[in-house]
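# After the sequence you'll find the predicted model.
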Protein chains: 2
Amino acid sequence: MFYPTGMKKEYQSNVIVYKNRGMSLESLINDANEFYLENDTAVIYKKPTPIGLIDVDYKKGEIKKAYFKEKSTFDYNGIYRGKYIDFEAKETKNKTSFPLSNIHKHQFKHLERIIHHKGITFLIVSINEEYYILKGEDLLEFITSSKRKSIPYSYFKTNCYKIETSLRPVLNYLKIIDKIYFEGE
Amino acid sequence: MFYPTGMKKEYQSNVIVYKNRGMSLESLINDANEFYLENDTAVIYKKPTPIGLIDVDYKKGEIKKAYFKEKSTFDYNGIYRGKYIDFEAKETKNKTSFPLSNIHKHQFKHLERIIHHKGITFLIVSINEEYYILKGEDLLEFITSSKRKSIPYSYFKTNCYKIETSLRPVLNYLKIIDKIYFEGE
């Protein structure tokens, strides 16, 4: 069951963005994507949460009963520097590790497919109030080479790419994507 | 206001697929996308219909009141032959022309952005029980060079790419995408 968190507009005032308090990872990414769209940097959207309809009044255009469905893909996709980009954002309150139960089985299959088709795919993981990019290829290697059910915090510090927060956008994750995937171009 | 039509499972039996009767354009595209996914040809999904939530019982995970929201992008996107692909499907019952009111203003903006970022973008238009690929670039040229509020049927026959239906998938639209965008590669 998924509960969409939605972007809270009140968190968008400059003071709070600057302090970067209380903004969910989703809000930070939506904010960055809006910035990229305005500046012609990239076209990346969050996919709407899939809904199963049970009772709809089509005359009024009103949904009277529905439920949240499970996703089989990642939340965000789009185009950047001519490349297909597809990723998921995950937050954990766990301080020592990131539980792999956060990712569904069919999402791993999706990850494999995107790599196979030469897309750019990764997770943005928020752990200990830090933000890391975990490459899809590294995630697959981790789950095939280890029997651990979680990724230790130390793994992120050693093997992942930290996103330093800035003024606008706060979470300028494409800056790190440039370094990982486009260095030398 | 958007009403999702959904894929009707009863239309998936072989006989009816073969006869290709009564299948909505959306069903034909979903069916093709499933085929492409199974055969590792492409990863293309329909985006879920965006929903605005009004009343949700989070304990039960039940949506008690919601409404359909307007889209600012196209319905389908994904990756094919390493390229970003982004398109919309439109059916018209009008026999002489395709009304441009079918496409929203912000969807034209979206189209421009995808072209700017070098993605593959187009419409699949169903008119007179035929299926055409209308390139995003051609659509933009049409609306800037003409003051018409609809695209005449003859335009499709002369300037667009017809998708001939086949056995499986019935609407093998990527075959035409190969010709338009990948010829000579």
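Done, it's in. Numbering: from 1, shown residues only, chains lettered A, B, ... in the order given.
# Next, name the residue at the spatial heart of chain A.
Central residue of chain A (Cα atoms, centre = their mean): A:Ala89, 2.4 Å from the mean position.
# mind listing the helices for chain A?
For chain A, the helices defined by DSSP state H occupy A:14-19, A:25-38, A:105-116, A:136-145, A:153-159, A:173-181.
# Next, count neighbours for the nearest residue to A:Phe74 once chain neighbours are set aside.
The shortest distance from A:Phe74 to any non-neighbouring residue, by Cβ to Cβ, 6 or more residues apart in numbering or on different chains, is to A:Glu88 (4.0 Å). (Glycine included, C-beta is placed from N, CA and C.) Residues near A:Glu88, counting by other Cβ atoms under 10 Å in any protein chain shown, number 23.
# Out of the helices of chain A, which is the most enclosed?
Mean neighbour count (mean count of other Cβ atoms under 10 Å in any protein chain shown) peaks for helix A:25-38 among the helices of chain A, with a mean of 19.
# and that helix, C-alpha only, in CSV?
Below are the C-alpha coordinates for helix A:25-38, written out as CSV (Å, rounded to 0.1, in the frame of the first residue of the first chain):
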residue,chain,number,x,y,z
LEU,A,25,13.1,13.8,-0.1
GLU,A,26,10.2,13.8,-2.5
SER,A,27,9.6,17.5,-2.1
LEU,A,28,13.3,18.2,-2.6
ILE,A,29,13.3,16.2,-5.9
ASN,A,30,10.1,17.7,-7.1
ASP,A,31,11.6,21.1,-6.4
ALA,A,32,14.8,20.3,-8.3
ASN,A,33,12.8,18.9,-11.3
GLU,A,34,10.7,22.1,-11.4
PHE,A,35,14.0,24.1,-11.5
TYR,A,36,15.4,21.9,-14.2
LEU,A,37,12.2,22.3,-16.3
GLU,A,38,12.2,26.1,-15.9
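# coming back round to it: in CSV: the helices of chain A, plus mean pLDDT and distance to chain B.
Compiled in CSV, the helices of chain A are given as follows (pLDDT from 0 to 100; distance: least, Cβ to the nearest Cβ, whole Å):
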stretch, mean pLDDT, distance to chain B
helix A:14-19, 40, 23
helix A:25-38, 97, 7
helix A:105-116, 96, 5
helix A:136-145, 96, 13
helix A:153-159, 97, 25
helix A:173-181, 97, 13
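# re the thing from before, any idea what the residue nearest to the centre of chain A is bridged to?
Beta-bridge partners recorded for A:Ala89 (DSSP bridges): A:Ile124.
# Quick check: it touching A:Tyr76?
Yes: the pair formed by A:Ala89 and A:Tyr76 meets the contact definition of Cβ atoms under 8 Å, at 7.0 Å.
# what's the overlap in contacts for those two?
Taking Cβ atoms under 8 Å, 6 or more residues apart in numbering or on different chains as the contact rule, A:Ala89 and A:Tyr76 both touch A:Ile29.
# Would you format the helices of chain A as JSON lines with distance to A:Ile54 included?
Below are these laid out as JSON lines (distance: least, Cβ to Cβ, whole Å):
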{"stretch": "helix A:14-19", "distance to A:Ile54": "38"}
{"stretch": "helix A:25-38", "distance to A:Ile54": "26"}
{"stretch": "helix A:105-116", "distance to A:Ile54": "23"}
{"stretch": "helix A:136-145", "distance to A:Ile54": "35"}
{"stretch": "helix A:153-159", "distance to A:Ile54": "41"}
{"stretch": "helix A:173-181", "distance to A:Ile54": "37"}
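# Go through these and name the closest to B:Ser145.
Ranking the helices of chain A by proximity to B:Ser145 (Cβ to Cβ) places helix A:25-38 first, at 27.1 Å.
# how big is the angle separating that closest one from helix A:173-181?
80 degrees (axes from the mean of the first three to the mean of the last three Cα atoms, to 10 degrees).
# rewinding a little: mind pulling the model confidence for the residue nearest to the centre of chain A?
Looking at A:Ala89, its pLDDT stands at 97.
# Please report how far it lies from A:Asn30.
Distance of A:Ala89 to A:Asn30, computed by Cβ to Cβ, to the nearest Å: 10 Å.
# Ok, A:Phe108 next?
Taking Cβ to Cβ, one finds A:Phe108 at 25 Å from A:Asn30.
# A:Tyr155 now?
Taking Cβ to Cβ, one finds A:Tyr155 at 27 Å from A:Asn30.
# Name the residue most distant from the centre of chain A?
Chain A, farthest from centre, Cα atoms, centre = their mean: A:Lys59 at 36.4 Å.
# For the closest residue to A:Lys83 other than its chain neighbours, list each beta-bridge partner.
With sequence-adjacent residues excluded and distances taken as Cβ to Cβ, 6+ apart, A:Lys83 is closest to A:Ile120, at 5.4 Å. Beta-bridge pairing of A:Ile120 under DSSP bridges involves A:Ile85.
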